[in-house]
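J.: Could you work out the structure for the sequence below:
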Amino acid sequence: MSSSTPTSVTSATYEPYIPKAKAGDPNYVPNVDRKVTAALSLSNGGAATLEVDLSAPPKYGIVPNFSIWFKAEGERGSVEMNNFVMPTLYHSITVKVKDEKGKESVRTEKAYKVKEGKELKGEEWWSTYRYQLDALVDRIRGREPESWVEEEDCIATMEWIEKIYEKIGIGARPRSTFTLA
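T.: Next up is the predicted model:
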């Protein structure tokens, strides 16, 4: 078991999305979350907190304003990632590490900045979805993608998202009825 593996959802809250469509309207979808905050216990004794808020009003009337972040804490420090979905807007990773004497060092960086001596695959303004699509195209074409998440990790992530939904009381998301013809 990885030290970053969640063991339980210790708390979770949500604010519902209030659609303009009402029950009975074909566009109405009940139990949709607008904002979720959750705390998880990790297998190494650490903790993780996450927040997703997708409908905050724009700043200055035009600048998208949303919150997507997580923080994981352990014995020797923490890592906090802000807006990992759309790294071109307000993105950062802050790493705090304590040495043996308890002195803390802090560094903040962008995940999609080119490391010295390494060529950038893509552009700094790409969203993570673009990087995911690029990796999929590499796999389909028999090339080794720069990064790849195996299906077991994807399934585990979805299982923990479902556990958060259970904790806040809105239940599992509807299962897909899609079948490939």
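
J.: so where does the residue lying closest to residue 145 once chain neighbours are set aside fall, helix or strand?
T.: Distances taken as Cβ to Cβ, 6 or more residues apart in numbering put residue 135 closest to residue 145, at 3.6 Å, once the chain neighbours are dropped. To be clear about C-beta, it is placed using only N, CA and C from the backbone, and glycine gets the same treatment. Element membership for residue 135 (DSSP states H and E) is helix 128-140.

J.: low-confidence ranges in this protein?
T.: Scanning the chain for pLDDT under 70 picks out 1-4, 21, 27-28, 56-57, 62-66, 86-89, 111-120, 124.

J.: give me that answer again for 50
T.: Scanning the chain for pLDDT under 50 picks out 1.

J.: all strands for it, in order.
T.: 6-16, 33-42, 47-59, 63-74, 77-82, 92-98, 104-109 (DSSP state E).

J.: what comes into contact with the fifth one?
T.: To tie it back to what came earlier, the one meant is strand 77-82. Here strand 77-82 makes contact (Cβ atoms under 8 Å, 6 or more residues apart in numbering) with 68-72, 90-98, 104, 111.

J.: what does the longest one give?
T.: Residues external to strand 47-59 that are found in contact with it (Cβ under 8 Å, 6+ apart): 4, 6, 10, 15, 17, 34-42, 64-73.

J.: Residue 77 pairs with what?
T.: residue 74, residue 97 (DSSP bridges).

J.: before we move on, the earlier item: burial check on the residue nearest to residue 145, number of neighbours?
T.: 18 (other Cβ atoms under 10 Å).

J.: tell me which strands and helices the biggest helix by length in the chain is in contact with?
T.: Longest helix of the chain, by residue count under DSSP state H: helix 151-168. Where contact means 3 or more Cβ pairs under 8 Å, 6 or more residues apart in numbering; DSSP states H and E, helix 151-168 is packed against strand 6-16, strand 33-42.

J.: Which members of the contacts of strand 47-59 are classed as buried?
T.: Among the contacts of strand 47-59, the ones that count as buried by 16 or more other Cβ atoms under 10 Å are 6, 35-40, 42, 66, 68-73.

J.: ok, these vs residue 126, which is closest?
T.: Closest to residue 126 out of the buried ones among the contacts of strand 47-59 is residue 68 (16.3 Å), distances taken as Cβ to Cβ.

J.: and the gap between the closest one and residue 20?
T.: Residue 68 sits 24 Å away from residue 20, going by Cβ to Cβ, to the nearest Å.
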